[in-house]
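S.K.: 3D, please:
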Amino acid sequence: MGEKLTVAEKKISYSGLFNVRDLYNVFVSWITEKDWDLIEPTHKETVSEKGKEIVFIFEPEKKMSDYVKFYGYFEIVMSDVEDIVIKKGEKDVPMNKGSVDILIKGIIKTDYEGMWVSTPLHTVMQAFYEKFIKASEIKSFKKELTADIEHLNSQLKSHLNLFQYTK
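M.R.: Got it, this is the predicted structure:
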């Protein structure tokens, strides 16, 4: 199989008000908007005395060419989550309160179908192919993936910052 390389990695930590459903929807909307294939996320929820712990793991992918594929690893861990209701004008708005830790990884994989690994000679040819023939294309894909991860990171930070002003 080809090389799997983490191109971009971001971490976000937040504590305060948020909405679990809205946070989930930020990821789903971004994945859809960027034309990634949404693989059903892993979801785990446990309840303790302090509150709920909710974990979502998204692992979307996007085929860029016959040789290159993007993979994402998005992990959202919400801890000490409590359901609360806040007043927004005349309305009662259901919210959540707790801590959120988010890990976002953008991974690029070359030769994702394993076409070049049948013999040692093919492996050497693959290295040559990537270094001299596909180098500029792979560099361009890395740049695009980094920009995509930056975009998701800024969307998440903006979304979480909105809740600072809803008290």
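S.K.: OK, contacts around the spatially most central residue of the chain?
M.R.: Central residue of the chain (C-alpha atoms, centre = their mean): residue 74, 3.2 Å from the mean position. By C-beta atoms under 8 Å, 6 or more residues apart in numbering, the contact set of residue 74 is 27, 56-60, 102-105, 152. All C-beta atoms are positioned from the backbone trio N, CA, C, and that covers glycine.
S.K.: The same query, at a cut-off of 6 Å, please.
M.R.: Neighbour list for residue 74: 27, 58, 104 [criterion: C-beta atoms under 6 Å, 6 or more residues apart in numbering].
S.K.: One more: residue 160?
M.R.: Contacts for residue 160 (C-beta under 6 Å, 6+ apart) come out as residue 14.
S.K.: Tell me the secondary structure of residue 114, please.
M.R.: What DSSP: H, G, I helix; E, B strand; the rest coil gives for residue 114 is coil.
S.K.: That one: how many residues sit nearby?
M.R.: Using other C-beta atoms under 10 Å, residue 114 has 9 neighbouring residues.
S.K.: ok, now residue 70?
M.R.: For residue 70, the count of nearby residues is 24 (other C-beta under 10 Å).
S.K.: Same question for residue 85.
M.R.: Residues near residue 85, counting by other C-beta under 10 Å, number 10.
S.K.: Not counting sequence-adjacent ones, nearest residue to it?
M.R.: Nearest residue to residue 85 in three dimensions, chain neighbours excluded: residue 92, at 4.9 Å (C-beta to C-beta, 6 or more residues apart in numbering).
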